[in-house]
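Participant: Sequence isn't available, so here's the structure alone:
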């Protein structure tokens, strides 16, 4: 009886402290499409960890959408404490257009502020009827390739750059040859969806195309969702190291008084626990110990960085994806 | 109609007008003004580059052509649907009547995905079209299908009340005076329905010009081939090119405005003509 009472009292105390809890902090994490499941897990784990360390409750809300669209929402005033987007260019856009983030953001956290990485792989139909094993196979005549429009989709920009990087390395940095390779590739694309998720639907549910260029994590999700007996993943000989970065939105966090917890939230992604969660959600972990543990899950693909094959994002955007850039020229009428 | 306007017996004109202006400003005028400011605060060269380069021109042609075809299809079949709903009583009429509004209520992305699922090469309808060499989804035809879908209620809801108001006695009179069925339709019924039909046609057309959600899923979005104007707005935004996006949006706004203006002017003229004839 006594114990029941004391438990009841404790519970009441806990409840009242919770009810009284102005110390509950709220964070808004504005992210891109494929990270929904990842951050659901991260948020739960981080909230428990933060509570243990500081006694403070933290509630994290997530917002997902196309990476560029999310960046625009933050520029236009969405009160994000942290952003976790698909490519650094979108965070740079927040820096340039709204001045909400310190221009040196990418140096503030380890590994270019990208706690996890991914890459671009091929998803093909079961049995690989078209015999697709590497990049040269997808520019062959008669192979139909599904990828999204790199001008409207962050993920599709990584796909484009993966193909570009392969050709760039293969042809000894010969730009003309790389352009021809890209032209042949996009010649094989019958549908350009506006987002990466749209491409996955076109390929998996509409039955269009022989191969889908996909984020590695999305490819695994597709297998899980649409069945491993319908599709298989093909790893090309080399691909791009896709680095989806994270940053604290300094000015918003300062206004909310959440700078500290926001910083801790992002740093948590680098801890062993955070890296485990990333790996379980098919993102490649940075931490060697976790990478070792999941090495069967992430096959060894030779990964090149964006800088090695195309320069920084500003240059890449200007040269490839801006109006009249290389991508637009592919579709110029003769 | 011809009486000069008098003071209403109900007071509150000032209040109602003030409310109307405030409300319209907040919801319509201020956002549109922002668009105009953004669209015009750029050099002509940049504006023209965004609004008139070959790829955008191809999108304009496609957008206008598909919107026109879809609205014409709806004008014909929507009229028939409205006629059936207004004139006949049959089991399930109310249900059918309610169904007409579904395109209004459904999120456009949902309609787009549903239509794509049905008309793509492995879909319920698409699989029968494929052997005939007809590619419904991921082609301009797909865009027309989506625009027809979203435009249907505009025509039906505009024409249906006009048909209900039509006095069957007038038709009977026409028949008694010796008119054939075709003559009754052409000389009696259609002229009476014309204003409502035109109004429905134009609102459907204007709506189709700006449609985005349902089209992007079914169109395939191939540059120069199946890319609509509103997708290009999004494409510019995706590159943080706000002014380029505003340039295209401004042109869309102007064309919709011109359309609506023409229709209203036309309506006004035809009403005057008819009243003149009657007087």
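Facilitator: Received it, and whenever you're ready, just let me know what you need. Please read all numbers here as calculations on a predicted model, not as lab measurements. Numbers count the residues shown, from 1 in each chain, chains lettered A, B, ... in the order given.

Participant: For residue A:205, give me phi and psi.
Facilitator: In terms of degrees, to the nearest 10, the main-chain angles of residue A:205 are phi -100, psi -30.

Participant: count of residues packed around it?
Facilitator: A total of 15 residues lie near residue A:205 under the criterion other CB atoms under 10 Å in any protein chain shown. The way it works is simple: take the backbone N, C-alpha and C, and place the C-beta from them, glycine included.

Participant: How about residue A:233?
Facilitator: Neighbour count of residue A:233, defined by other CB under 10 Å: 17.

Participant: remind me, longest helix of chain B?
Facilitator: Longest helix of chain B, by residue count under DSSP state H: helix B:242-278.

Participant: For the stretch 101-250 of chain B, which residues are neighbours of chain A?
Facilitator: Residues of the stretch 101-250 of chain B lying close to chain A by CB under 8 Å from any CB of the partner chain are B:113, B:116-117, B:120-123, B:137-138, B:216-217, B:220-224, B:231, B:234-241, B:244.

Participant: Can I have the buried ones of the residues you listed as a ChimeraX selection?
Facilitator: The following ChimeraX line selects those of these that are buried, judged by 16 or more other CB atoms under 10 Å in any protein chain shown:
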select /B:113,116,117,120,123,137,138,216,217,220,221,222,223,231,234,235,236,237,238,239,240,241,244
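
Participant: Any buried residues in the longest helix of chain B, and which?
Facilitator: By neighbour count on 16+ other CB under 10 Å, the buried set for helix B:242-278 is B:242-253, B:255-256, B:263, B:267.

Participant: show me where the stretch 101-250 of chain B has helices.
Facilitator: Using DSSP state H, counting those that start in this stretch, the helices of the stretch 101-250 of chain B run over B:102-105, B:108-119, B:126-129, B:140-165, B:168-176, B:181-183, B:190-210, B:213-219, B:229-238, B:242-278.

Participant: Could you pull out the strands in chain A for me?
Facilitator: Remark: strands assigned in chain A by DSSP state E are A:25-31, A:58-63, A:82-84, A:116-117, A:120-125, A:145-148, A:192-193, A:211-215, A:231-234, A:238-240, A:246-248, A:284-285, A:302-304.

Participant: Show me the one of those that comes nearest chain B.
Facilitator: Among the strands of chain A, the nearest to chain B by CB to the nearest CB is strand A:192-193 (4.6 Å).

Participant: What is the burial count for residue A:121?
Facilitator: Counted with other CB under 10 Å, residues neighbouring residue A:121 total 24.

Participant: Per-residue pLDDT of residue A:2, please?
Facilitator: Looking at residue A:2, its pLDDT reads 48.

Participant: same check, this time on residue B:208
Facilitator: Here the pLDDT value assigned to residue B:208 is 94.

Participant: from what I can see it touches residue B:69, true?
Facilitator: No: here residue B:208 does not reach residue B:69: they are 9.3 Å apart, not a contact under CB atoms under 8 Å.

Participant: Tell me which of the two has more neighbours.
Facilitator: A direct count of neighbours by other CB under 10 Å for residue B:208 and residue B:69 places residue B:208 higher, at 27 against 17.

Participant: any idea which helix or strand carries the nearest residue to that one once chain neighbours are set aside?
Facilitator: Spatial nearest neighbour of residue B:208, excluding adjacent residues (CB to CB, 6 or more residues apart in numbering or on different chains): residue B:67 at 3.6 Å. Residue B:67 belongs to helix B:54-87 when elements are defined using DSSP states H and E.

Participant: So which bits of the next helix or strand after that helix are buried?
Facilitator: Where DSSP H and E defines the elements, the next helix or strand beyond helix B:54-87 is helix B:93-99. Burial within helix B:93-99, assessed by neighbour count using 16+ other CB under 10 Å, is assigned to residue B:97.

Participant: Just list what helix B:93-99 packs against, helices and strands only.
Facilitator: Other helices and strands packing on helix B:93-99, by 3 or more CB pairs under 8 Å, 6 or more residues apart in numbering or on different chains; DSSP states H and E, are helix B:54-87.

Participant: Against which helices or strands is the helix it packs on packed?
Facilitator: helix B:93-99, helix B:140-165, helix B:190-210, helix B:229-238.

Participant: Show me the contact partners of stretch A:198-207.
Facilitator: Here stretch A:198-207 makes contact (CB atoms under 8 Å, 6 or more residues apart in numbering or on different chains) with A:123, A:146-148, A:153, A:156, A:191, A:193, A:208-209, A:212-214, A:218, A:222, A:225-226, A:230-231, B:113, B:116-117, B:120-123, B:137, B:216-217.

Participant: what do residue B:208 and residue B:69 both touch?
Facilitator: By CB under 8 Å, 6+ apart, no residue touches both residue B:208 and residue B:69.

Participant: Domains in the chain, by residue range?
Facilitator: No chain in the question, so chain A it is. As assigned by automatic domain parsing, chain A contains the domains A:23-117+A:243-293, A:120-240+A:301-330.

Participant: switch to chain B, that's the one I care about
Facilitator: B:11-41, B:43-278.

Participant: Now render those as CSV, adding distance to residue A:248.
Facilitator: Below are these laid out as CSV (distance: least, CB to CB, whole Å):
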stretch, distance to residue A:248
domain B:11-41, 30
domain B:43-278, 21
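
Participant: Just say which of these is most tucked in.
Facilitator: Highest mean neighbour count among the domains of chain B (mean count of other CB atoms under 10 Å in any protein chain shown): domain B:43-278, with a mean of 18.

Participant: ok now it, how far from the chain's centre?
Facilitator: 4 Å (CA atoms, centre = their mean, to the nearest Å).
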